[in-house]
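K.L.:
predicted model follows, preceded by the sequence.
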Amino acid sequence: MTSFYLSKPYEPPQAPQNLPLNKPWALFGGISPDRFMKQYWQKKPLLVRGAIPAFRLATQNGECLDSPVSADTLIKLASEDGVESRLIKSNPWSFDAGPFSKKSLLELNNKNWTLLVQGMESHHSAAAKVLSWFRFIPDARLDDLMISIAGIGGGVGAHFDSYDVFLIQMSGRRQWQISAQKDLSLNPKLPLKILRNFKSEHEWVLEPGDMLYLPPHIAHDGVALDAGCQTWSVGFRSPSFKELLQEGLWRLAESLESIPELEQKFSDPLQKATAHAEQLPEELIEQIRLKLRDLKLDQIDRFLPGITAYLSEPKQQALFDGPIKPLSPSLFTKHLGSTKLLPSPQTRILSLGKEVFCNGENMSQGQSKGIARAWQTLSAKKVLLDRKLQNSPQSSLYQAYLAGWLIFEGSK
Ligand code: SIN
Ligand code: CO
């Protein structure tokens, strides 16, 4: 029997502000985020059939849901500067980085190609909504939502990621093979990071609405079975300790600029005559020890602001456009009473206790209590509506609006 399906774009819902962390979620096959984190996160893969029940329900009603992002939209995005995209062909393997001219991108009916577009949450509201489902995982861990679109046979080859990834099938079918193999050596002859010896241990065909969670270092290979196959990957980064400490330390070093007493020169009236002139003087070591203690530079709290600032930096490709006709400070305050202020889709906001960091900068430092509280709300809820805010032209909130880091709902 042949059935006739009218395909409709799936409209993902925005997750509620307060996520029910201990209730069963269809997204995880009927387990709660609490249980998902305990049993699977960073531990073992999870395959969820019908993670987005709307796809199955539509089929039962004789309808067909498709990805909310069309192939044309993805191809157009891949032709733009400031959008990170890659084109991978298999058989033989080749790799190119975007932007691509529209002509150089392949027809959907061609075989063995995949176009990958990163940071989709900044470019399409449906992707931003899907990302909101995962806000039970700390924002600091989030990398982005990538969409791959492929022709039949397309894939990026057998590989492993150092990321946790939720692979959501949004259009067409994809065959996944995975393995917990120890041998993660790469084939040195290929232009991509492809495993030398991939030995599949499990194999599934994912249909639209299915999801596969993979912790880091699980080898995997996904091959498109249908033209226009779309997989949405929600990826979670984990920085190395080297990166965290280096970034924290250099920002801490920079912050010493604002301590004038450190200009004071070391002096050693107590230095004794020494028979070991080649050695770094004990007197110098002791005074540095005291300075580190007095400035609390030997305590982790001094490193954390720098590390939070670093993790709140936007992606390298992020471009912020301020408003074309900016509101004056007083109109801005008035507007804030009736219109939601939101982070621009490329903005990252993180909190360290009550301190809030946005796009690499401390936004609460030196601000009034009201402004600091407004930032705390923005960081926690990712939205601000405030009828009573005492604003000033210099406030970091108004400045972030001028810079295009924060935007009023409906203004772009
Ligand atoms: C893909 O969507 O083709 C690749 C995603 C991944 O393997 O991480
Ligand atoms: Co991968």
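P.N.:
Looks like it came in fine. Ligands and ions are numbered 1, 2, ... in the order given.
K.L.:
shouldn't Glu247 be in contact with Glu313?
P.N.:
No - counting by CB atoms under 8 Å, Glu247 does not reach Glu313; the two are 9.0 Å apart. Yep, even glycine has a C-beta here, placed from its N, CA and C like the rest.
K.L.:
show me what contacts the residue nearest the centre of the chain?
P.N.:
In the chain, the residue lying closest to the centroid (CA atoms, centre = their mean) is Asp143, at 2.1 Å. Applying CB atoms under 8 Å, 6 or more residues apart in numbering, we find Asp143 in contact with 163, 235-237.
K.L.:
read off the pLDDT value for the closest residue to Pro24 other than its chain neighbours.
P.N.:
Among residues not flanking Pro24 along the chain, Gly30 sits closest, at 4.6 Å (CB to CB, 6 or more residues apart in numbering). Residue-level confidence at Gly30 comes out at 97, pLDDT.
K.L.:
now Gly30: how far from Arg348?
P.N.:
Look at Gly30 and Arg348: by CB to CB, to the nearest Å, they are 32 Å apart.
K.L.:
tell me what the residue of the chain found nearest ligand 1 is bridged to.
P.N.:
Proximity of the chain to ligand 1 (CB to the nearest ligand atom) peaks at Ser148, 3.3 Å away. Note on Ser148: beta-bridge partners by DSSP bridges are Leu116, Thr231.
K.L.:
how about it, what does it touch?
P.N.:
Applying CB under 8 Å, 6+ apart, the residues near Ser148 are 114-117, 154, 156, 229-231, 233.
K.L.:
distance check, it against Lys369.
P.N.:
Counting by CB to CB, the gap from Ser148 to Lys369 is 46 Å.
K.L.:
now Trp133
P.N.:
33 Å.
K.L.:
give me the more crowded residue out of the two.
P.N.:
Neighbour count, other CB atoms under 10 Å: between Trp133 and Lys369, Trp133 has more, with 20 against 9.
K.L.:
contact partners for the more buried one?
P.N.:
12, 15, 27.
K.L.:
quick one: which of those residues is nearest to Ser200?
P.N.:
Nearest to Ser200, judged by CB to CB, of the contacts of Trp133 is Leu27 at 25.6 Å.
K.L.:
any idea of the pLDDT on Gln390?
P.N.:
pLDDT, Gln390: 86.
K.L.:
now the helix or strand the residue nearest to the centre of the chain falls within: average pLDDT?
P.N.:
Element membership of Asp143, judged by DSSP states H and E, is strand 142-150. On average, the pLDDT along strand 142-150 is 97.
K.L.:
what of stretch 108-124?
P.N.:
So the average pLDDT for stretch 108-124 ends up being 93.
K.L.:
now that stretch, how far from the centre of its chain.
P.N.:
17 Å (CA atoms, centre = their mean, to the nearest Å).
K.L.:
and Gly30 and Arg348? which has more neighbours close in?
P.N.:
For Gly30 versus Arg348, neighbours defined as other CB under 10 Å are more numerous around Arg348 (19 against 11).
K.L.:
ok, that one touching Thr308?
P.N.:
No - assessed by CB under 8 Å, Arg348 is found out of contact with Thr308, at 10.5 Å.
K.L.:
and stretch 355-366, what's buried?
P.N.:
Neighbour-count burial for stretch 355-366, counted by 16 or more other CB atoms under 10 Å, picks out 355-359, 361-364.
K.L.:
what of stretch 205-218?
P.N.:
206-215, 218.
K.L.:
and the pLDDT at the residue of the chain most remote from its centre?
P.N.:
Outermost residue of the chain with respect to the C-alpha centroid, by CA atoms, centre = their mean, is Ala273; its distance is 58.7 Å. Per-residue pLDDT puts Ala273 at 94.
K.L.:
which secondary structure state is assigned to it?
P.N.:
Using DSSP: H, G, I helix; E, B strand; the rest coil, the structure places Ala273 in coil.
K.L.:
which residues does Gln279 contact?
P.N.:
Shown in contact with Gln279 (CB under 8 Å, 6+ apart): no residues.
K.L.:
could you pull up phi and psi at the residue farthest from the centre of the chain?
P.N.:
The phi/psi pair for Ala273 (degrees, to the nearest 10) reads phi -60, psi 140.
K.L.:
ok, now Asp96?
P.N.:
phi -140, psi 150.
K.L.:
Asn110 against Gly153, yeah?
P.N.:
No - between Asn110 and Gly153 there is no contact, the gap being 9.5 Å when judged by CB under 8 Å.
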